[in-house]
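**Q** turn this into a structure:
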Amino acid sequence: MNNRMQTIRVGLFFLLGLALLWVTFESLSGGRVFKAKGYTLTARFDNLKGLLKGDDVLIAGVRVGAVTQTRLVGRQAEAVLSIEPNVRIARDAVAVVAQSSLLGTNHLEVTVGSPDAPRLEPGAEIKTRDTVDMNEVIAKLGSLGDRLEQVVGEIGKTLSGGQGGNLFAKVDKLVTDNGPKFSETVSNLQEITAKIRGGEGTLGRLVNDPRLHDELLASVDQIKAAATDARTFVSSAQSLVDQVKAGKGALATLLYDEQTGNEIKLTAKNLRELSDKLNSGQGSLGKLIGDDSLYRDAQGTLRKVDRAVDSLSDQGPITAVGVAAKALF
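**A** Next comes the predicted model:
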């Protein structure tokens, strides 16, 4: 009886050991002992940052595979990924090395990608993106701390005194030496504010007299109106210039019409020639203007007419006509 119980106990312990071995193996292999093998992808990085064989491959936090191998390919590191057969990864998906915990374990995080993008074929290379290494961040923080400590030390030396003495002592000496001047300045400011409050001076009247305020506002309104008129004038002038440039109006014709310009030049030439002839006494009008004999003849004729008119008063009509004709001819 005892031998039989002993045999049963040994058998139970043996089965329990097999069960423990099975559970351990399943845990280490990820439960993929009797599952169909998936397909492989490769991912290249400048630095794997501690990514090891057996680390998980996650998409949106869900495990879809594992890292089966890490190797050097030229000047880059390459990770071979085993992806489950029922998972398809988009071609525009990106893989990054992410930290799983503060203990330093990492995993490979893959983005979902576009839903309409084609899928990666087995053996293809997935896009990657390098991430910031926590060690580098910690190193930079350490150097930043050293610099801050140095700056704080320099500030402490400055405040506590160095080659130039204590900063607070300098400030105290400055205040002590210039105390009377500060007091005088404050007194002057008080007098100025008192005068302004009392309405003395231009500034005081401007602050306290509402009439000056209203006049100032009216002046500002007038300046605004003048500016508006000036803008209107400039706009009108611009419109006029545009019309002239477009060839509209008499001024544009004078400026841009070649035929009109030639006619004006011809008219000016004719006027100049006419004035030259008049000045030189050519023609009837020129002789009338420049010949004094015509003026003297006209005066003599007028005197004869005056004498004839005077003699008409004593004679009859017929005789008067004869006298006038005789006087003239």
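
**Q** sketch out the low-pLDDT regions of the stretch 201-329 of the chain for me.
**A** Low-confidence regions of the stretch 201-329 of the chain, defined here as pLDDT under 70, cover residues 202-203, 206-207, 209, 212-213, 244-258, 260-261, 278, 281-299, 305, 308-329.

**Q** which parts of this protein are helices?
**A** For the chain, the helices identified by DSSP state H occupy 2-29, 134-160, 167-177, 179-198, 201-208, 210-245, 249-256, 258-280, 283-290, 292-312, 317-328, in order along the chain.

**Q** residue contacts, the residue lying closest to Ala117 once chain neighbours are set aside?
**A** With CB to CB, 6 or more residues apart in numbering as the criterion, Ala117 has its nearest non-adjacent residue at 4.2 Å, and that residue is Ala90. Where C-beta positions appear, they are placed from N, C-alpha and C, glycine not excepted. Ala90 makes contacts with 112-115, 117-120, as judged by CB atoms under 8 Å, 6 or more residues apart in numbering.

**Q** for Ala90, name its beta-bridge partners.
**A** Partner residues in beta bridges with Ala90: Arg119, with DSSP bridges as the criterion.

**Q** and what of the one 4 residues further on?
**A** Beta-bridge pairing for Val94 (DSSP bridges): Lys127.

**Q** so how many other residues sit close to it?
**A** Close neighbours of Val94, defined as other CB atoms under 10 Å, add up to 15.

**Q** i'd like the first residue to be 35 from this point on
**A** Done: numbering now begins at 35, and the last item shifts to Val128.

**Q** next one, pLDDT for it please.
**A** Val128 is assigned 94 on the pLDDT scale.

**Q** ok, the spatially closest residue to Asp90 that is not a sequence neighbour - contacts?
**A** Leaving aside its sequence neighbours, Asp90 sits nearest to His141 (CB to CB, 6+ apart; 4.5 Å). Under the criterion of CB under 8 Å, 6+ apart, the neighbours of His141 are 85, 89-92, 131-132, 134.

**Q** how far away is His141 from Leu55?
**A** In this structure, His141 and Leu55 are separated by 27 Å, where distance is defined by CB to CB, to the nearest Å.

**Q** what's the answer for Thr74, then?
**A** If you measure Thr74 against Leu55 using CB to CB, the figure is 29 Å.

**Q** and Val107, by the same measure?
**A** When distances are taken as CB to CB, Val107 and Leu55 turn out to be 37 Å apart.

**Q** what of Val98?
**A** For Val98, the distance to Leu55 equals 27 Å [CB to CB].

**Q** and these two? Which one has more around it.
**A** In this comparison of Val98 against Leu55, neighbours counted by other CB under 10 Å, the higher total goes to Val98 at 20 against 10.

**Q** chain neighbours aside, what residue packs nearest to the more buried one?
**A** Computed as CB to CB, 6+ apart, the closest residue to Val98 that is not its neighbour in sequence is Val121, at 4.5 Å.

**Q** I'm done for today, thanks for sticking with me.
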